[in-house]
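# compute the structure for the input listed below.
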Amino acid sequence: MVRGKTQMRRIENATSRQVTFSKRRNGLLKKAFELSVLCDAEVALIIFSPRGKLYEFASSSMQETIGRYLRHTRDSRASKQPTEETMQQMKSEAANMLKKIEQLEVLKRKLLGEGLGSCSIEELQQIEQQLEKSVSNIRARKTQVFKEKIEQLREKEKMLAAENLRLTEKSVMQVETLDGSKELGNSENIGDDSNPVSDVETELFIGPPPERRARRFPLRP
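Purely as a prediction, here's the structure:
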C-alpha cells in the first residue's frame, strides 16, 4: 500500500512551532556547513526567526557572497535575450502609442483652428464647448491670481505704513531730545561767573593803549 504525501502546514501551537524552528534551524545550519566543507562550495545562509532575530552562516564572507550573487543575477538579466512574444508585445505597445500621439496632434490643430474642413457640426460644437470651458477656467484662474496679488499689495501697504509711523515717531523723539539739550545748555550759561566768556571786555578804546601813554622816554643829549 502506497502512502500519500502528507501536506505540510503551519504549526498552530506557538510552543511547538518555536521548538521545531530551533531544531530545523540548527539542522539547516549544520547541513550548510557540511556542504561547504565536503564539496568546497561557497555557501551563505540567512535565517530570520518569526520574531525577527537573525541567524546566518557564510563559508567565506557574507558580504562578498551577496555581492557575487548580485553581479551574477545582473549579468544574467543583461545576457537574457527577449523572446519573440515579448518583441511582439513591445511592437504593439509602440504602435498604440504612435496612434495616440497622432490623435492628439490632430486634436491640437483643431483647437488652434486648423484642419476644420473635415469636421462635422457635432465635432465643431464639441470643439467650441471645449474652448469655452478652457477660456472660463483661464479667466477664473486669472481672477484668483489678481485677488492674491491685491491681497499681497495690501499687506505690503500695511507694513510700509507701520514702518513709516515708527520712523516718524523716532524722528520726533530725536528732535525733542535735541531741543531739550539746547535749552538746558543755555540755562546753565546764564548767571555763571565762572564762564570765561563773561570776563571778556567789550568796551571800545580809541587811541594808544593806556600803558603806552603813561610811559615817558628820556631825551637824548
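
# hey, let's count contacts and neighbours off CA atoms from now on
OK.

# need the strands for this structure, in chain order.
Secondary structure of the chain, counting by DSSP state E: strands at 44-48, 54-58.

# now tell me what touches stretch 115-132 from outside.
The set of residues external to stretch 115-132 that reach it, using C-alpha atoms under 8 Å, 6 or more residues apart in numbering, is 106, 109-111.

# one more time with 7 Å, if that's ok
Outside of stretch 115-132, the residues within contact range by C-alpha atoms under 7 Å, 6 or more residues apart in numbering are 109-111.

# same thing with stretch 44-58?
Contacts of stretch 44-58 with the rest of the structure, by C-alpha under 7 Å, 6+ apart, involve 29, 43, 59, 62, 65.

# 8 Å instead?
Outside stretch 44-58, the residues within contact range by C-alpha under 8 Å, 6+ apart are 29, 32-33, 42-43, 59, 62, 65-66.

# alpha carbons only: can I get that stretch in PDB?
In PDB, the C-alpha atoms belonging to stretch 44-58 read as follows (Å, rounded to 0.1, in the frame of the first residue of the first chain):
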ATOM      1  CA  ALA A  44      25.800  31.700   2.500                       C
ATOM      2  CA  LEU A  45      22.700  31.100   4.600                       C
ATOM      3  CA  ILE A  46      20.400  33.800   6.200                       C
ATOM      4  CA  ILE A  47      17.500  33.000   8.500                       C
ATOM      5  CA  PHE A  48      15.100  35.400  10.300                       C
ATOM      6  CA  SER A  49      13.100  34.000  13.100                       C
ATOM      7  CA  PRO A  50       9.400  34.800  13.500                       C
ATOM      8  CA  ARG A  51      10.400  37.500  16.000                       C
ATOM      9  CA  GLY A  52      12.900  39.000  13.600                       C
ATOM     10  CA  LYS A  53      16.100  37.600  15.000                       C
ATOM     11  CA  LEU A  54      18.900  37.000  12.500                       C
ATOM     12  CA  TYR A  55      20.800  33.700  12.100                       C
ATOM     13  CA  GLU A  56      23.400  33.400   9.400                       C
ATOM     14  CA  PHE A  57      26.200  31.200   8.100                       C
ATOM     15  CA  ALA A  58      28.800  32.000   5.500                       C
END
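
# now the longest helix along the chain: mean pLDDT?
Across the chain, the longest stretch assigned as helix under DSSP state H is helix 121-189. In this model, helix 121-189 has an average pLDDT of 85.

# again, but for stretch 88-105
Averaged over stretch 88-105, pLDDT sits at 89.

# and for stretch 47-59?
In the prediction, stretch 47-59 has an average pLDDT of 90.
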